[in-house]
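Participant: turn this into a model:
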Amino acid sequence: MQNILAIDTSGPICSVALQSSERTSFRKSDAQRQSAQRILPMITELLSEHKLMLDELDGISVMAGPGSFTGLRIGIAVAQGLSMTKNIPLIPVSNLVAKAAAVFRKLGETSPVDSAVICELAREGEVYFGAFQKSETSGVSLLGMEQVSLPENIIIPEEMANISQIAASGDAWTEDCPLHGQLAPHCELEIVSVETTLDDLLALANIKLGLNETVVGAELRPNYVKEELDYS
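Facilitator: Now for the predicted structure:
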């Protein structure tokens, strides 16, 4: 098993995990909005616990967004700094992709549902949206592009037109969400409530590292989903 450090500062709670050949350990801040103060001490604690040096890491994975603008910048900056110090590959993961992975994890391998739509609240009435399918190669594959828009302006990917069963998740899936009308008429929609964990991030990071889907420090940037998809 490869040594991977996972970082998530995209929400109010900062959390990190370290996977090594022996085990996986986790740390998270005790209070909200402590990412800047707690992230480096927590990483140091994990490296010490696993008796690893920074240059023994095979990769550093980070939740790249969408999420808290300030939080994303902190996680990205820390990942960049650690990477550039020892030339460690970086593995950015979209929060929407990680959420889809969490949905597929909760549904289980025997579920006939292999497609998911994620819809999370953004600002000013907009939502973040992504459509995904389970993939044997990459774990989760993106259909179309990740989008941020008013719900009624979201474009459903053409690839979903003939899918009969879809799982939906995210805090924007309210009963009156306009996206229900765009999906429900032609498919069976299952609402799945699930929290993304660092285990989901690590699972995707292992796959991406194996496929050599990494970036160098200078290429890492937050995925704000404004003009184009940065990471899938």
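Participant: which residues touch Lys134?
Facilitator: 104, 114-115, 140-141 (C-beta atoms under 8 Å, 6 or more residues apart in numbering). Yep, even glycine has a C-beta here, placed from its N, CA and C like the rest.
Participant: reformat those residues as a markdown table; add neighbour count.
Facilitator: What follows is the contacts of Lys134, written out as a markdown table (neighbours: other C-beta atoms under 10 Å):
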| residue | neighbour count |
| --- | --- |
| Phe104 | 25 |
| Asp114 | 15 |
| Ser115 | 21 |
| Val140 | 26 |
| Ser141 | 16 |
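Participant: average pLDDT across the strand or helix carrying Leu204?
Facilitator: Assignment of secondary structure by DSSP states H and E places Leu204 within helix 198-210. Average pLDDT, helix 198-210: 97.
Participant: export it to PDB, keeping only CA atoms.
Facilitator: The C-alpha atoms that make up helix 198-210 are tabulated as PDB, following Å, rounded to 0.1, in the frame of the first residue of the first chain:
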ATOM      1  CA  LEU A 198     -11.400  11.000   3.800                       C
ATOM      2  CA  ASP A 199     -11.700   7.300   3.000                       C
ATOM      3  CA  ASP A 200     -13.500   8.300  -0.200                       C
ATOM      4  CA  LEU A 201     -10.700  10.700  -1.000                       C
ATOM      5  CA  LEU A 202      -8.100   8.100  -0.300                       C
ATOM      6  CA  ALA A 203      -9.800   5.500  -2.400                       C
ATOM      7  CA  LEU A 204      -9.900   7.900  -5.400                       C
ATOM      8  CA  ALA A 205      -6.300   9.000  -4.700                       C
ATOM      9  CA  ASN A 206      -5.000   5.400  -4.800                       C
ATOM     10  CA  ILE A 207      -6.700   4.900  -8.200                       C
ATOM     11  CA  LYS A 208      -5.400   8.200  -9.600                       C
ATOM     12  CA  LEU A 209      -1.900   7.600  -8.400                       C
ATOM     13  CA  GLY A 210      -1.900   4.200 -10.000                       C
END
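Participant: helices or strands up against it?
Facilitator: When contacts are defined as 3 or more C-beta pairs under 8 Å, 6 or more residues apart in numbering; DSSP states H and E, helix 198-210 packs onto strand 4-8, strand 15-19, strand 24-28, strand 59-65, strand 90-94, helix 95-107, strand 139-149.
Participant: list the buried residues for stretch 76-88?
Facilitator: Of the residues in stretch 76-88, 76-80, 82-83, 88 count as buried by neighbour count, 16 or more other C-beta atoms under 10 Å.
Participant: what's the spacing between Met42 and Gly217?
Facilitator: Per C-beta to C-beta, to the nearest Å, Met42 is found 20 Å from Gly217.
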